[in-house]
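J.: Everything below, folded, please.
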Amino acid sequence: MEDAVRFVNVFAAALTAGAWAVVMLIIMPARRLLSDGAAVRFHQVTTPLFDRYLAPVPIVAAVFGLLALVIDSNVTSVAGLATIAGLICTAGAGIVYVRFNRPANRMIDGWSADAVPPEYPEVRERWESAHRIRTLLGALALGLFLAAAIAS
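T.: Numbering: from 1, shown residues only. Sure thing, here's the model as predicted:
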């Protein structure tokens, strides 16, 4: 049972980290090649698609991480400590999203691509910086959950 729980935990964390890396390494640079109007429209079109997928998947990773802690019950073991650290990274990524990315997404969603506000470059830069942090936290969570699975 613990192996299956840890598998789902690592798999969901890998999907999350991978998707966030694609956004950071491909989507963000591509968006910078577009005009501001086209970049705003691209953001408006892709954000709901990414959010539909990326909202539940990190939650699945966290829930199955918590389940692994309950099943293992030795929170002071290497597996337990790595799982706790992975959960902290996952929670941190969620906080970054709620505090920075989601408000920017909502702001950009209300803009017209034909009349992009002058603050767009600053908003985009803040969004991208927050996303880089979120991606780093997601990658760390994946590594920690994988270490926990190996150690268990």
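J.: How about residues contacting stretch 136-143?
T.: With contact meaning CB atoms under 8 Å, 6 or more residues apart in numbering, stretch 136-143 is reached by 10, 13-14, 16-17, 20-21, 58, 61, 85-87, 89-90, 92-93, 96. All C-beta spots, glycine's among them, are computed from the backbone N, C-alpha and C.
J.: one more time with 10 Å, if that's ok
T.: 9-21, 24, 54, 58, 61-62, 65, 82-83, 85-97 (CB atoms under 10 Å, 6 or more residues apart in numbering).
J.: Likewise for stretch 98-117?
T.: Stretch 98-117 has contacts (CB under 10 Å, 6+ apart) with 35-45, 47-48, 50-51, 55, 93, 96-97, 119-120, 123-124, 126-131, 133-134.
J.: so where do the helices sit in this structure?
T.: Applying DSSP state H to the chain gives helices spanning 2-22, 28-32, 36-54, 56-72, 78-96, 102-109, 120-151.
J.: how about JSON lines for these, with mean pLDDT added?
T.: As requested, the helices of the chain are exported to JSON lines (pLDDT from 0 to 100):
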{"stretch": "helix 2-22", "mean pLDDT": "96"}
{"stretch": "helix 28-32", "mean pLDDT": "96"}
{"stretch": "helix 36-54", "mean pLDDT": "94"}
{"stretch": "helix 56-72", "mean pLDDT": "95"}
{"stretch": "helix 78-96", "mean pLDDT": "97"}
{"stretch": "helix 102-109", "mean pLDDT": "96"}
{"stretch": "helix 120-151", "mean pLDDT": "97"}
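J.: how about these in TSV, adding mean neighbour count?
T.: As requested, those are arranged in TSV below (neighbours: other CB atoms under 10 Å):
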stretch	mean neighbour count
helix 2-22	19
helix 28-32	13
helix 36-54	15
helix 56-72	19
helix 78-96	20
helix 102-109	16
helix 120-151	19
